[in-house]
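S.K.: Sequence first, predicted coordinates after that:
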Amino acid sequence: MMTTIYLIRHGETMWNRDKRLQGHIDIGLNERGFWQAEQVGQYLSRQPIKAVISSDLSRAADTAKAVAKHHQLDLILDEALRERHYGIMQGLSHSEIEQNHPRNHAAWKNRELDFVPETGESLQQFYDRVVASAKKWAEQFAGQTIAMVAHGGVLDCLNRAATKRSLDVARDFEILNASLNTLSFQSGEFGLIEWGRVSYLQSNEDGNNYSLDEMDGSPKWV
């Protein structure tokens with residue numbers, strides 16, 4: 001049986017706009033982020049979603065609530081879907097990390113799998129917890145359609161799990177705020193159906209699909 005997963009990045013926050021690493025710090029949605037959440041919720045309102053699972057951080061949970069309300073579903077919160085814990089880098093901008101924590105910056109930029117930032121977790125530890133959580137939910141709702149709302153780093157991990165792209169290779173795909181990304185899960189394996197849909201974010205105010213990409217240490221995305 002194939003499980004369909006609508007994988008959604010949370011809406012915009014002020015720290016997304018300021019390009020600061022949020023990690024486990026609980027930064028809420030800004031006005032644009034709440035609007036984005038409403039748009040993705042309405043877009044998915046006619047889909048046969050049987051469960052909505054979210055990171056317990058408010059920027060993800062509030063985005064997920066905008067999806068769940070259209071399906072009369074209680075939100076399932078899972079802290080294993082939190083963003084990576086960046087330790088002492090959390091709350092800092094790219095330039096501040098580079099200036100104040102050069103070793104951490106190099107490891108982040110080069111996607112060193114086993115480097116653990118002080119008080120944080122390694123990229124490999126992060127990947128392992130995210131994939132284990134996503135598999136658990138996909139198996140629990142086997143053969144059904146679920147929505148999963150999380151963070152840029154979580155989406156990066158699950159894209160790589162689905163495409164078999166190495167975890168230490170620089171990212172070459174976008175991870176946009178409130179984007180809809182569709183995965184399959186069957187026979188213990190993730191597959192990629194569609195990535196990066198933001199067509200529902202068309203705004204009468206700005207006339208474009210304005211949505212911020214995930215801040216990432218690899219050279220193309222800083």
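M.R.: Structure's in. What do you need?

S.K.: how many neighbours does residue 171 have?
M.R.: By the criterion of other Cβ atoms under 10 Å, residue 171 has 19 neighbours. C-beta coordinates here come from the backbone N, C-alpha and C atoms, glycine included.

S.K.: I'd guessed it sits against residue 216; true?
M.R.: Yes - if you go by Cβ atoms under 8 Å, residue 171 and residue 216 touch, sitting 5.5 Å apart.

S.K.: which residues do these two both contact?
M.R.: residue 156 (Cβ atoms under 8 Å, 6 or more residues apart in numbering).

S.K.: Just give me the neighbour total for the residue lying closest to residue 142 once chain neighbours are set aside.
M.R.: Distance criterion Cβ to Cβ, 6 or more residues apart in numbering; nearest residue to residue 142, sequence neighbours excluded, is residue 1 at 4.9 Å. Counted with other Cβ under 10 Å, the neighbours of residue 1 add up to 10.

S.K.: Wait, residue 1 touches residue 186, no?
M.R.: Yes - Residue 1 is within contact range of residue 186, at 7.1 Å (criterion: Cβ under 8 Å).

S.K.: got the contact list for residue 71?
M.R.: Residues near residue 71 by Cβ under 8 Å, 6+ apart: 45, 49, 52.

S.K.: Tell me the secondary structure of the first one, please.
M.R.: Three-state assignment for residue 45 (DSSP: H, G, I helix; E, B strand; the rest coil): coil.

S.K.: Check the last one too.
M.R.: Secondary structure for residue 52, judged by three-state DSSP, is strand.

S.K.: circling back: who are the contact partners of the residue nearest to residue 142?
M.R.: So residue 1 contacts 142-143, 186 (Cβ under 8 Å, 6+ apart).

S.K.: From residue 188, how far out is it?
M.R.: Noted for residue 1: a distance of 12 Å to residue 188, by Cβ to Cβ, to the nearest Å.

S.K.: and what of residue 70?
M.R.: Counting by Cβ to Cβ, the gap between residue 70 and residue 188 amounts to 30 Å.

S.K.: likewise residue 9?
M.R.: On the measure of Cβ to Cβ, residue 9 and residue 188 end up 25 Å apart.

S.K.: So for the two, which sits in the more crowded spot?
M.R.: The neighbour comparison of residue 9 against residue 188 (other Cβ under 10 Å) goes to residue 9, with 32 against 8.

S.K.: where does residue 142 land on pLDDT?
M.R.: pLDDT for residue 142: 98.

S.K.: For it, give me the backbone phi and psi.
M.R.: phi -60, psi 130 (degrees, to the nearest 10).

S.K.: go on, residue 9?
M.R.: Backbone torsions of residue 9, given as degrees, to the nearest 10, read phi -80, psi 140.
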